[in-house]
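Quick one: sequence and predicted model below, then my questions.
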Amino acid sequence: MNRFFLSFLVFLVFVSESLFVNFIAVQPLLRQWVISPRFVMIVLIFMTVYLSRKQGMMYGAIFGMLYDVAFTDVLGVYMFSLPAICYFISQIMKVLQNNVIVVSLAAVLGVAILEFYIYGINLLVHVTTMPLNEFLTLRLYPTLVLSIIFCLLFSYLLKKRFQKLSLQYTDDRL
């Protein structure tokens, strides 16, 4: 039941990103920016830190593949980057404390890394011609602000839920 809940949670967040883009990001006030909700990336980082690095990377590969199939022209970009960023953040968190503020900052860092990586790949294969300063002001900064808002709203709930699941998984293994 808990494993089904975990899959359902990440899928629900994945769908909510699309709904956010379709209904909120197209509002006249927000049309001047390219806001990319990275809610799945944030949830995956919380999952990696509080639950299991292996599960975070596995879900990252699965949902990265879904991103590639549903939203991108270049296949494999998200499927590689989501687990790689989860691994990178898990290595950073070995040195840092696991409190919710530090994990939220690490999640925002992960979103920034993902955005720069996607921008670099798109620039490399000539999918975009957006200059760096335009990318920063029109896409990166609004995306980071949205990620910070998402972390402020949901980080404590994610932490508690993943810690509870972690305890249940360890109890099941015993």
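On my side now, so go ahead. Residues are numbered from 1 along each chain as shown.

The helix or strand hosting residue 68 - what's its average pLDDT?
Per DSSP states H and E: residue 68 is located in helix 53-71. Helix 53-71 shows an average pLDDT of 92 in the prediction.

Name the residues of the next helix or strand after that helix that are buried.
Of the helices and strands lying after helix 53-71 in sequence (DSSP H and E), the nearest is helix 77-93. By neighbour count on 16 or more other CB atoms under 10 Å, the buried set for helix 77-93 is 77-90, 93. Glycine gets a C-beta too; all of them are placed from N, C-alpha and C.

just stretch 118-125 next, same as before
118-119, 121-122.

Does anything pack onto the longest helix along the chain? Which helices or strands?
Using DSSP state H, we find that the single longest helix of the chain is helix 141-173. If contacts are counted by 3 or more CB pairs under 8 Å, 6 or more residues apart in numbering; DSSP states H and E, helix 141-173 sits against helix 2-23, helix 39-50, helix 100-124.

if you set the cut-off to 10 Å instead, what comes out?
helix 2-23, helix 39-50, helix 53-71, helix 100-124 (3 or more CB pairs under 10 Å, 6 or more residues apart in numbering; DSSP states H and E).

Quick one: closest of those to residue 145.
For the helices and strands packed on helix 141-173, the distance to residue 145 is smallest for helix 100-124, at 9.7 Å, taking CB to CB.

From residue 111, how far out is residue 99?
Remark: distance between residue 99 and residue 111 (CB to CB, to the nearest Å) = 19 Å.

Can you tell me which residue sits nearest the middle of this protein?
Among the residues of the chain, the one closest to the centroid is residue 41, at 0.9 Å (CA atoms, centre = their mean).

What does the residue lying closest to residue 20 once chain neighbours are set aside show for phi and psi?
For residue 20, ignoring the flanking residues on the chain, the nearest one in space by CB to CB, 6 or more residues apart in numbering is residue 37 at 4.6 Å. When read as degrees, to the nearest 10, the backbone of residue 37 gives phi -70, psi 130.

if we can go back for a sec, looking at residue 99 and residue 111, which is more packed in?
The neighbour comparison of residue 99 against residue 111 (other CB atoms under 10 Å) goes to residue 111, with 26 against 9.
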